[in-house]
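Trainee: The following comprises the amino acid sequence and a computationally predicted model.
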Amino acid sequence: MTQWFEDDAFWSDYQTFIFQGGQLSDPVRDVDRSLRLAAPLPAGAAVLDLCCGPGRHTVELARRGYRVTGVDRTAAYLAEAERGAAAAGFAVELVREDMRTFRRPGAFDAAFNLYTSFGYFPDPADDRRVAENLFASLRFGGVLVMELMSREVLASGFRARDWSRLAGPGSPIVLEERRLSQDWAWIESDWTLLFPDGRTQTRTVSHRLYSGTELAALLRGVGFAPVTLHGGLDGRPYDHTAWRLVVVARKG
C-alpha cells in the first residue's frame, strides 16, 4: 500500500500550502538559528539536510560556505532545489533516497532535519532506523538538529478544524480537519483545497506525535549524547512557552 508521503503528486499539489508564508517559512532565519544551536561548526563543514524538500535550507546552508548534501525522495522537489542552487551559483549534492535507507558513515559534521520531517511512518521501528542512520552518518563530535511539532505543543492549542486562505489570485482556501488516535501518539489531518471555480481536492496526511521525553529517549537509545531540548529554533526552553520541539543531539 502506498503511503501518502510516497506520492509525488501530493507534494506538488500541496507545495504552496506546505511552504506558505508564516513564522515557519523563513529559511534565512531558520538557518541562522539552527547554526547557532549546532555551533561550533568548522568552516566548510560537511552538512546533511535530510528531507530537504525544494531546497530552501540546502541553498541557504551552501550560501554560508558549507558543503551541503540534500536528501529527499520527491523528484520534483530535488529538481527545484537544483535550479535554486544553480541560480544562486552554489554547488550542492542532491540525493533522491528514502530517509529510512540513506546512510553515509562518518560523512557529516552536522545534520539538519527541519519542519516536521520525521515520524511519518506507521511502524516506530522505521523512526528508529532513521535515527540510527543519522547517528552513523555523523562524524565523532557531529551534531544533529531536529525541529518538529510535538505532542505537548499541539495539545496546548489543539484545534480539530481550521482554515486558511493562500495568497495570490486564484488561490484556494484550505480546510484542515484533525483526528487523534493511539492515545495521542498519532494524528491524521484531512487537507481540503477549495478553489474559486468550485473544484475541491482532499488528501489525508498523518504522522507520529512525539513528546520531548520520547524523542530524546529514542535518540539516546541509538547512541546520541548529550541530547538537549528547546522550545524553538531560537533556543527558548522546552516549557509552556514552546511553540516547536527542537532537539540538539551530539555524537560523542
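Mentor: Now that the structure is in, tell me what you want to look at. Numbers count the residues shown, from 1 in each chain.

Trainee: And the helices in this structure?
Mentor: Ranges of helices within the chain are 8-13, 15-18, 27-38, 56-63, 75-88, 124-137, 151-156, 212-221, based on DSSP state H.

Trainee: and Asn113, which of these is closest to it?
Mentor: Evaluated over these, closeness to Asn113 peaks at helix 124-137, with 7.4 Å, by Cβ to Cβ. In short, each C-beta sits where N, CA and C put it, glycine included.

Trainee: The closest one - contacts with which helices or strands?
Mentor: Applying 3 or more Cβ pairs under 8 Å, 6 or more residues apart in numbering; DSSP states H and E, one finds that helix 124-137 contacts strand 46-50, strand 108-113, helix 212-221.

Trainee: Turn those into JSON lines, columns for mean neighbour count.
Mentor: Shown next, in JSON lines, are the helices and strands packed on helix 124-137 (neighbours: other Cβ atoms under 10 Å):
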{"stretch": "strand 46-50", "mean neighbour count": "27"}
{"stretch": "strand 108-113", "mean neighbour count": "25"}
{"stretch": "helix 212-221", "mean neighbour count": "17"}
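
Trainee: closest to His57 out of the ones you listed?
Mentor: When the helices and strands packed on helix 124-137 are compared by Cβ to Cβ, strand 46-50 sits nearest His57, at 5.4 Å.

Trainee: State the paired neighbours of the closest one in the sheet, together with their directions.
Mentor: Under the criterion DSSP bridges, strand 46-50 sits next to strand 67-72 (parallel), strand 108-113 (parallel) in its sheet.

Trainee: residues touching His240, list them.
Mentor: Listed by Cβ atoms under 8 Å, 6 or more residues apart in numbering, the contact set of His240 reads Ser156.

Trainee: please begin residue numbering at 9 from this point
Mentor: With the count now opening at 9, the last piece we talked about shows up as His248.

Trainee: one step back: tell me which of the helices and strands packed on helix 132-145 lies nearest to Arg75.
Mentor: strand 54-58 (4.7 Å).

Trainee: Any idea how many residues pack against the spatially closest residue to Ser219 that is not a sequence neighbour?
Mentor: Nearest non-adjacent residue to Ser219, counting by Cβ to Cβ, 6 or more residues apart in numbering: Arg159, 4.7 Å away. By the measure other Cβ atoms under 10 Å, the count of residues near Arg159 is 21.

Trainee: Relative to Thr212, how far out is Arg159?
Mentor: Taking Cβ to Cβ, to the nearest Å as the measure, Arg159 falls 20 Å from Thr212.

Trainee: By mean pLDDT, flag the weakest helix or strand of this structure.
Mentor: When each helix and strand of the chain is scored by mean pLDDT, DSSP states H and E, helix 23-26 comes last, with a mean of 86.

Trainee: Now that one: buried residues?
Mentor: Judged by neighbour count (16 or more other Cβ atoms under 10 Å), helix 23-26 contains these buried residues: Gln23, Ile26.

Trainee: Stretch 64-75 now?
Mentor: Arg64, His65, Thr66, Val67, Glu68, Leu69, Ala70, Arg71, Arg72, Tyr74, Arg75.

Trainee: That stretch: how far from the chain's middle?
Mentor: Remark: stretch 64-75 is offset 16 Å from the chain centroid, using Cα atoms, centre = their mean, to the nearest Å.
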